[in-house]
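Colleague: Have a look; sequence and predicted model below, questions after that.
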Amino acid sequence: MPYIPLFLIKATLRRFKQRGDVSRPQSSRRGFERMMSKWNKPLKGFTYAQADAGGVPAEWIYPDKCDRSKVLLYFHGGGYFVGSYNTHRALVSKIAEYAGISALNINYSLAPEHPYPTAIHDCAKAYQWLLAQGFAPQQICFGGDSAGGGCTVGTLTYLRDNNVPLPKCAIALSPWLDLTFSGDSFPANDKADPMLRADAFEAVSKYYLHNSDPKSPYASPLFHSLSGLPPMLVQVGADELLLSDSVRFAEKAKEQGSPVTLEIYPRMFHVFNDFWRIIPKAREANRKLGAFIKLQFNS
């Protein structure tokens, strides 16, 4: 793996951050897809297959010699308006490899064409499709980053509220859990986080929420009951805008009896896990995600 000093990585990301424009969501989506797909081509040592998960486009990921009886159901990030399994293939592949299981990486419907709660409903559909395929809840782990982390928690609480058995465990990477932006790190970490811009969040949240309340239960699960959730590992960077989302979530979930483990990585930024090729801490974090999943499935 190449070694690139962290300050150079951050400086490069800040240049992209300054040029970021979310005023045209469809254009942003195409650009994000082009840029990220270059780094997310199929990896050696994996088999990939497209699937229709109950009407939700998806891609199966099978690491060589993995246990196909267990699956990581993954919800990609991208502010609910960009991203796909093409933009997150490599990250999900590595986590699945470390866990020794398969993964199903889905394309939930994106805003503004499909506002809240469509993404949550799509994630729930994919889960129920897995159940219909013969997977037991104890054989499934939820996972997601950023907005996909919001989908992870939002879908868990949606399923709980509708009396659907929950998966064995879950992982969340830099989850976006508060669409009111009331956390202490927002916008305090705006300069420190080389990935996210605080001034872009209002527009992005409006794409997703449309006319819904920002405190809607499955859009901002931080403001609602977090009881009855499965074991979860949350990873977040100390320098990111959304740090306080993870901190408050872990504290509240524990208070309400849900077993959540929070890992805060010093000097790291939003979804640093995606930079596993050039950041040793990202590889370490991803291995921990895999080890957590493996431990839960074996418990």
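Modeller: Arrived safely.
Colleague: what distance separates the start and the end of stretch 8-27?
Modeller: In stretch 8-27, first residue to last residue: 28 Å (CA to CA, to the nearest Å).
Colleague: Now it: buried residues?
Modeller: Residues 9-10, 13, 17, 22, 25 are the ones in stretch 8-27 that count as buried (16 or more other CB atoms under 10 Å). (C-beta placed from N, C-alpha, C; glycine too.)
Colleague: Please work out the average pLDDT along the host helix or strand of residue 207.
Modeller: Secondary structure from DSSP states H and E places residue 207 in helix 201-209. The average of the pLDDT scores along helix 201-209 is 96.
Colleague: can you map out the helices along the stretch 101-250 of the chain?
Modeller: Using DSSP state H, counting those that start in this stretch, the helices of the stretch 101-250 of the chain run over 118-132, 147-161, 185-188, 201-209, 243-255.
Colleague: export the ones you listed to JSON lines and tack on mean neighbour count and distance to residue 281?
Modeller: Listed next are those as JSON lines, based on neighbours: other CB atoms under 10 Å; distance: least, CB to CB, whole Å:
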{"stretch": "helix 118-132", "mean neighbour count": "21", "distance to residue 281": "28"}
{"stretch": "helix 147-161", "mean neighbour count": "26", "distance to residue 281": "18"}
{"stretch": "helix 185-188", "mean neighbour count": "18", "distance to residue 281": "19"}
{"stretch": "helix 201-209", "mean neighbour count": "19", "distance to residue 281": "25"}
{"stretch": "helix 243-255", "mean neighbour count": "20", "distance to residue 281": "16"}
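Colleague: Could you dump those helices into TSV and include distance to residue 88?
Modeller: Shown next, in TSV, are these (distance: least, CB to CB, whole Å):
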stretch	distance to residue 88
helix 118-132	14
helix 147-161	8
helix 185-188	24
helix 201-209	18
helix 243-255	19
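Colleague: which one of those helices lies closest to residue 277?
Modeller: Residue 277 lies closest to helix 147-161 among the helices of the stretch 101-250 of the chain, at 20.1 Å (CB to CB).
Colleague: Which elements pack onto that closest one?
Modeller: strand 67-75, helix 118-132, strand 140-145, strand 169-173 (3 or more CB pairs under 8 Å, 6 or more residues apart in numbering; DSSP states H and E).
Colleague: Need the contact partners of the third one.
Modeller: Residues from elsewhere that reach strand 140-145 (CB atoms under 8 Å, 6 or more residues apart in numbering): 70-77, 88, 91-92, 95, 99, 101, 127, 130, 150-152, 155-156, 167-175, 271, 273-274, 289, 293, 296-297.
Colleague: which stretches of the stretch 51-200 of the chain have low pLDDT?
Modeller: Within the stretch 51-200 of the chain, no range satisfies pLDDT under 70.
Colleague: Distance of residue 297 relative to residue 202?
Modeller: Distance, residue 297 to residue 202, by CB to CB, to the nearest Å: 40 Å.
Colleague: What of residue 180?
Modeller: Residue 180 is 11 Å from residue 202, by CB to CB.
Colleague: Also residue 285?
Modeller: Taken as CB to CB, the span from residue 285 to residue 202 is 30 Å.
Colleague: try residue 57
Modeller: From residue 57 to residue 202 the distance is 29 Å (CB to CB).
Colleague: looking at it, residue 173 is touching residue 146, isn't it?
Modeller: Yes - with contact defined as CB atoms under 8 Å, residue 173 reaches residue 146; the gap is 7.3 Å.
Colleague: what do these two both touch?
Modeller: In contact with both residue 173 and residue 146: 77, 271, using CB under 8 Å, 6+ apart.
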